[in-house]
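Colleague: got a predicted structure plus its sequence, pasted below:
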Amino acid sequence: MKRDKDQLFSFIRNGQHITTKEQVNLTAKLSIPAIMTQISFILVQYIDASMVGHLGAECAAAVGLMSTSTWLLGGLCECIATGFSVIVAHKIGANKFYEAKNVLRESFTVCTTWALMLSFFGVLISSVLPHWLNGGDDISPLASRYFLIFSLGIPFFSLNYLSGSMLRSTGNIKIPSILNVVMCVLDMILNFFLIYPSREINFCGNTFYIYGAGLGVSGAALGSVLAFVIVSIIITYYLVVRSKDLKIYNEEGSFRPTRENLQNALKISVPIGLERAVMYIGAIIVTSIIAPLGNVCIAADTFAITIEGICYMPGYGIADATTTLIGQSIGAARKNLAKSFAKITTIISMLVLTAMSTIMFLSARFMFSLMTDNQEIIELGTTILRIEAFAEPFFGAAIICYSCFVAAGNSLLPNIINITSMWIIRIPLVMYMANFNGLIGVWTAMCIELIIRGSIFLYYLRSPKWLNTQAVRDAEKAKKVL
C-alpha cells in the first residue's frame, strides 16, 4: 500500500519501519516543490538582471558590486532562524508540539530584534560601502541607493525566511514553495513598472501606453523589497493561524525568550552566523578584487553568478527537504534513519546538479545573450560559466552535507570546513590567478576550491562522527526514559 507524506512522517516520529523506496519517495515529495521554488526564484533574478543589464554595463555593475554585501546581511538573518527551526524540527520529531510552539513564539522576538539591528547597520554604511569595495565614481551612487533600499527591507526578509523554515520543519514544503513563487512573480511585475520610464509598446499591431516610474537600479531594489513585504505577511499569517502543527493564534504562550531555548538556538546559530560572516566577507574581498578589472568584468561576473544559480539552486531545494527529514529523525532518536536520508539526499543532489551543469555548459552563450547585447560581456561570461560547470556536482555535495550536519545539531564542523576552504584555498588562489588571467583566473580558482570543498564534505559524511552531537544524545536519552 502506498503511504502518503503525512503517514511517512508519523512513521518517523513513532519509530516505525520505512523502506528505502519510501525514503526516496518522501525525499522526492519534499524536494520537488522546494526545487521548483528555488528555480523560479533564480529565474526571476535572471529576468531582473536582464532588465537592469539592458540599461547598460554601469547599472549591471552597480547591482553586482553590492551582491555579496546583500548576501552577507541576508545570511546573518537566516542563521538565527535556522537555529530555532532546527530545534522545532527536533521537537516535532519527538512529538513535543506544545514545546515546538513555545520555541516558535520566542523565535519571532529574537529574529525580529536581530533583523532590525542588521537593517540599521546596513542603512548606516550604505553611502560609503561602494567606495570600500573599490567601486568607481560612475557606479557608486547607484550601488549606494540599491543597498540602502535593500537594507530597509531586511526585517521582512527575515520574517519570510523564519516563517518558511518553520513550516518546512513540519514537513510542509508546499505552502512556502507556492508563496515564494508568488513572491518571484510579484518581484518581476513590480520591476517591470519601477525600473523603466513610461513608454509605448507595440503588441500584435496595437500600441499600448505603459506607466513606468523610471527608477532604474533603485526600482529593482524597491520591487524586490515590496515583494518580500507582501509575501512575508501572507506566509506568517498562514504559519500562526492555519498551520496544523504550529498554529499559535488565540493560544496562550509567551514571546519572551527563555534561557534554555535561546542557548540551544544560539549553539546552532552562532557558529553558522560566524561562518556566514567569514564566508561572505571572503566573497566581498573577491568582489573587491574583481572591481578594479572594470565594469565589463563586474557585469560578466554578476550575470554569471545569476545564471550559475539556476544550476545549483535545486541543491538548496533538496537541502530544505534534508533539514526536515534528518531533523525529525534526530528528534525521534533514529540515527540510522538519519544516516540513510543523508546518503539518499546527497546522491540525488549530485545527480541533479550534474544534469543541470551539463545544461549550463551547453547553453551558456545563449543565456548570456538574453541578458545583454554587449559582446565582450557575452564572450567573457560564457567562458567563466563553462569553467564553473565542472564544480557544480561537488557544490551540490557540499550543500547537502552542510544541511545534514546542521540538522543533527552539528554546526561547528561544516563551518570549519567552509571557512578553511574559503580563506585557505579560494582567496589566495583568486588573488594569485587574477593577476595572470583576470576574471577567467578568478573563476578557475573558484572552481578548484568548490571541488576540494565538496570532496572534504563527502569524506566527513562517511564518518559517523557527524552524528555525535548533544541533540542526538538528548533525543536518545529521552527515548530511553519513555
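Modeller: Right, received. Where do you want to start?

Colleague: point out where the chain drops to low pLDDT.
Modeller: Judged by pLDDT under 70, the chain has its weakly predicted residues at 1-5, 37-49, 481-482.

Colleague: tell me where the stretch 301-450 of the chain has strands.
Modeller: Ranges of strands within the stretch 301-450 of the chain: none, based on DSSP state E, counting those that start in this stretch.

Colleague: ranges for the helices of it?
Modeller: 335-369, 375-388, 392-407, 412-420, 427-461 (DSSP state H, counting those that start in this stretch).

Colleague: nearest to residue 80, of the ones you listed?
Modeller: Across these, the minimum distance to residue 80, taken as C-beta to C-beta, is reached by helix 392-407, at 13.1 Å. The way it works is simple: take the backbone N, C-alpha and C, and place the C-beta from them, glycine included.

Colleague: one step back: please identify the most buried of the helices of the stretch 301-450 of the chain.
Modeller: When you average the neighbours per residue for each of these (mean count of other C-beta atoms under 10 Å), helix 392-407 leads with a mean of 27.

Colleague: which other helices and strands does it contact?
Modeller: helix 57-93, helix 295-331, helix 335-369, helix 412-420, helix 427-461 (3 or more C-beta pairs under 8 Å, 6 or more residues apart in numbering; DSSP states H and E).

Colleague: restricting to C-alpha, output that helix in PDB.
Modeller: Taking Å, rounded to 0.1, in the frame of the first residue of the first chain, the C-alpha atoms of helix 392-407 are listed here in PDB:
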ATOM      1  CA  GLU A 392      28.700  22.000  -9.600                       C
ATOM      2  CA  PRO A 393      28.300  18.300  -8.600                       C
ATOM      3  CA  PHE A 394      30.800  18.900  -5.800                       C
ATOM      4  CA  PHE A 395      29.000  22.100  -4.800                       C
ATOM      5  CA  GLY A 396      25.800  20.000  -4.600                       C
ATOM      6  CA  ALA A 397      27.500  17.600  -2.300                       C
ATOM      7  CA  ALA A 398      28.700  20.400   0.000                       C
ATOM      8  CA  ILE A 399      25.200  22.000   0.100                       C
ATOM      9  CA  ILE A 400      23.600  18.700   1.300                       C
ATOM     10  CA  CYS A 401      26.300  17.600   3.700                       C
ATOM     11  CA  TYR A 402      26.100  21.100   5.300                       C
ATOM     12  CA  SER A 403      22.400  20.700   5.800                       C
ATOM     13  CA  CYS A 404      22.900  17.100   7.200                       C
ATOM     14  CA  PHE A 405      25.400  18.300   9.800                       C
ATOM     15  CA  VAL A 406      23.300  21.300  10.900                       C
ATOM     16  CA  ALA A 407      20.100  19.300  11.100                       C
END
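
Colleague: what about the closest residue to residue 71 other than its chain neighbours, distance to residue 466?
Modeller: Residue nearest to residue 71 in three dimensions, not counting chain neighbours: residue 280, with 5.3 Å by C-beta to C-beta, 6 or more residues apart in numbering. Distance from residue 280 to residue 466, counting by C-beta to C-beta, to the nearest Å: 24 Å.

Colleague: what does residue 103 give?
Modeller: Between residue 103 and residue 466 the distance is 23 Å, computed by C-beta to C-beta.

Colleague: now residue 172
Modeller: When C-beta to C-beta is the yardstick, residue 172 and residue 466 sit 26 Å from each other.

Colleague: buried sites along stretch 201-209?
Modeller: For stretch 201-209, burial by neighbour count (16 or more other C-beta atoms under 10 Å) applies to no residue.

Colleague: do the same with stretch 473-482
Modeller: Of the residues in stretch 473-482, those buried by neighbour count under the rule 16+ other C-beta under 10 Å are 474, 475.

Colleague: more neighbours, residue 103 and residue 466?
Modeller: For residue 103 versus residue 466, the count of surrounding residues by other C-beta atoms under 10 Å is larger for residue 103: 27 against 22.

Colleague: I'd assumed residue 88 was in contact with the more buried one.
Modeller: Yes - A contact is recorded between residue 103 and residue 88 when judged using C-beta atoms under 8 Å, the distance being 5.3 Å.

Colleague: the helix or strand harbouring residue 219 vs helix 57-93, what angle?
Modeller: Secondary structure assignment for residue 219, by DSSP states H and E: helix 217-237. Going by axes from the mean of the first three to the mean of the last three C-alpha atoms, to 10 degrees, helix 217-237 is angled at 10 degrees with respect to helix 57-93.

Colleague: mind giving me the packing neighbours of helix 217-237?
Modeller: Judged by 3+ C-beta pairs under 8 Å, 6+ apart, helix 217-237 is in contact with helix 20-53, helix 57-93, helix 140-152, helix 154-169, helix 174-194.

Colleague: with distance to residue 449 and mean neighbour count as new columns, can the ones you listed be given to me in TSV?
Modeller: Formatted as TSV, the entries for these read as follows, by distance: least, C-beta to C-beta, whole Å; neighbours: other C-beta atoms under 10 Å:
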stretch	distance to residue 449	mean neighbour count
helix 20-53	21	20
helix 57-93	16	25
helix 140-152	26	22
helix 154-169	27	26
helix 174-194	29	20
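
Colleague: out of the ones you listed, nearest to residue 8?
Modeller: Closest among the helices and strands packed on helix 217-237, once you apply C-beta to C-beta, is helix 20-53, at 4.8 Å.

Colleague: list the contacts of the helix holding residue 219.
Modeller: Contacts made with helix 217-237 from outside it, assessed by C-beta atoms under 8 Å, 6 or more residues apart in numbering, are listed as 48, 51-52, 55, 59, 62-63, 142-143, 145-147, 149-150, 152-153, 156-157, 159-160, 163-164, 167, 175-176, 179-180, 182-184, 186-188, 190-191, 194-196, 213, 215.

Colleague: list the buried ones in it?
Modeller: Applying a neighbour-count criterion of 16+ other C-beta under 10 Å, the buried positions in helix 217-237 are 217-232, 235-236.

Colleague: need the helices and strands packed on helix 392-407 in JSON lines (columns: distance to residue 288).
Modeller: Below are those laid out as JSON lines (distance: least, C-beta to C-beta, whole Å):
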{"stretch": "helix 57-93", "distance to residue 288": "9"}
{"stretch": "helix 295-331", "distance to residue 288": "11"}
{"stretch": "helix 335-369", "distance to residue 288": "24"}
{"stretch": "helix 412-420", "distance to residue 288": "19"}
{"stretch": "helix 427-461", "distance to residue 288": "11"}
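
Colleague: right, and the ones you listed - which one's nearest residue 268?
Modeller: When the helices and strands packed on helix 392-407 are ranked by distance to residue 268, counting by C-beta to C-beta, first place goes to helix 57-93 at 3.9 Å.
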